[in-house]
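Peer 1: Task: produce atomic coordinates for the following.
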Amino acid sequence: LALDDTPGAPWLLLPPDVREAFDALSAAGLPLARSPLARPQLGVKCGCNEAFVLDRREAWSEALEPHLVRPLLRGEHLAPWRPVDGARDSAILWTHDKRGTPLAELPAEAHRRLSRWKRQLEQRSDGRGGPWWALFRTEAARDDRARVVWGDIGRSPRALVLPRGDATVPLNTCYVVRAPSDDDAHTLAVLLNSSVGTAWLAALAEPARGGYRRFLGWTCARFP
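Peer 2: Next up is the predicted model:
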C-alpha cells in the first residue's frame with residue numbers, strides 16, 4: 001500500500017488496476033521537483049492579513065501610493081485557467097521592491113495605514129530580523145518569469161498561468177512554480193488541469209472534508 005519505502009510514506013488505498021496506472025505514470029516522467037521547473041513554492045505570507053489585504057476601492061479611499069498596490073490571488077479565487085469573477089477586486093499593499101526585498105522606508109500613506117497594526121506586525125513569528133512592515137516568502141510574487149499558480153485545497157488543482165510582467169501576488173493559500181519559459185508554464189498548467197493529472201494527484205493528495213484534497217507542495221513536487 002505504501003507509496004514508497006521511505007519512513008512515513010502515505011498509503012495509497014487504490015484498486016490494483018488504478019495503482020498500476022498510477023505507478024506507470026510515475027515511472028514515465030521525471031518528478032516536478034527534479035525538473036527544470038523545480039519544487040513548488042508556497043505563496044506570499046502576511047502574518048496579518050488585516051493590515052496588508054484590501055480591495056481596490058479601499059486602496060483608492062485611503063489614497064495609498066498606487067505603485068504599492070498589487071492585485072492579489074487567494075486559493076479560493078482560482079478556476080482552471082482563470083480567476084473567478086470578482087477576484088481582481090482584491091489587492092495587497094506591497095512593501096517590497098521588484099526582487100522581493102523590503103523597502104528601506106515606507107511612503108507616507110502606506111506608513112499611515114500599516115501603523116495601525118504596528119504592534120501585531122512586530123510580534124509575527126516570521127518577523128525577526130527585518131522591518132516591521134515586511135512580507136514573507138516573497139519569491140512567489142516575482143514577475144520576471146511566467147508563473148503557474150494553483151490552490152492548496154480543492155477537488156482539483158485549478159491551475160492558471162500568470163504571464164511574465166503580471167504583478168499579481170499569490171497569497172499562501174496558493175502554490176506557485178516559476179517557469180523557465182512561457183511554453184513550460186502553459187504545458188504544466190495543461191497537465192495539472194487535465195483529467196489524468198488530477199486523477200494522479202488525487203490518488204496521492206491528503207484528503208479533506210467534502211471530497212476535497214490538499215494539493216500541497218510535497219504532493220505536486222512528485223507530479224510526473
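Peer 1: Quick check: Pro80 vs Thr6, distance?
Peer 2: 32 Å (CB to CB, to the nearest Å). (Each C-beta comes from the backbone N, C-alpha and C, glycine too.)
Peer 1: And the closest residue to Ala189 other than its chain neighbours, how close does it get to Ala141?
Peer 2: Distances taken as CB to CB, 6 or more residues apart in numbering put Ala159 closest to Ala189, at 4.4 Å, once the chain neighbours are dropped. Ala159 sits 17 Å away from Ala141, going by CB to CB.
Peer 1: got it, and Leu162?
Peer 2: Distance from Leu162 to Ala141, counting by CB to CB: 10 Å.
Peer 1: ok, now Gly197?
Peer 2: Distance check for Gly197 against Ala141: by CB to CB, it reads 25 Å.
Peer 1: Which neighbouring elements make contact with the helix or strand that contains Val176?
Peer 2: In this assignment (DSSP states H and E), Val176 forms part of strand 174-178. Here strand 174-178 touches strand 41-42, strand 147-151, going by 3 or more CB pairs under 8 Å, 6 or more residues apart in numbering; DSSP states H and E.
Peer 1: Quick check: which of those is buried the most?
Peer 2: Each of those was scored by mean neighbour count; the highest is strand 147-151, a mean of 25, by mean count of other CB atoms under 10 Å.
Peer 1: Alright, that wraps it up for me.
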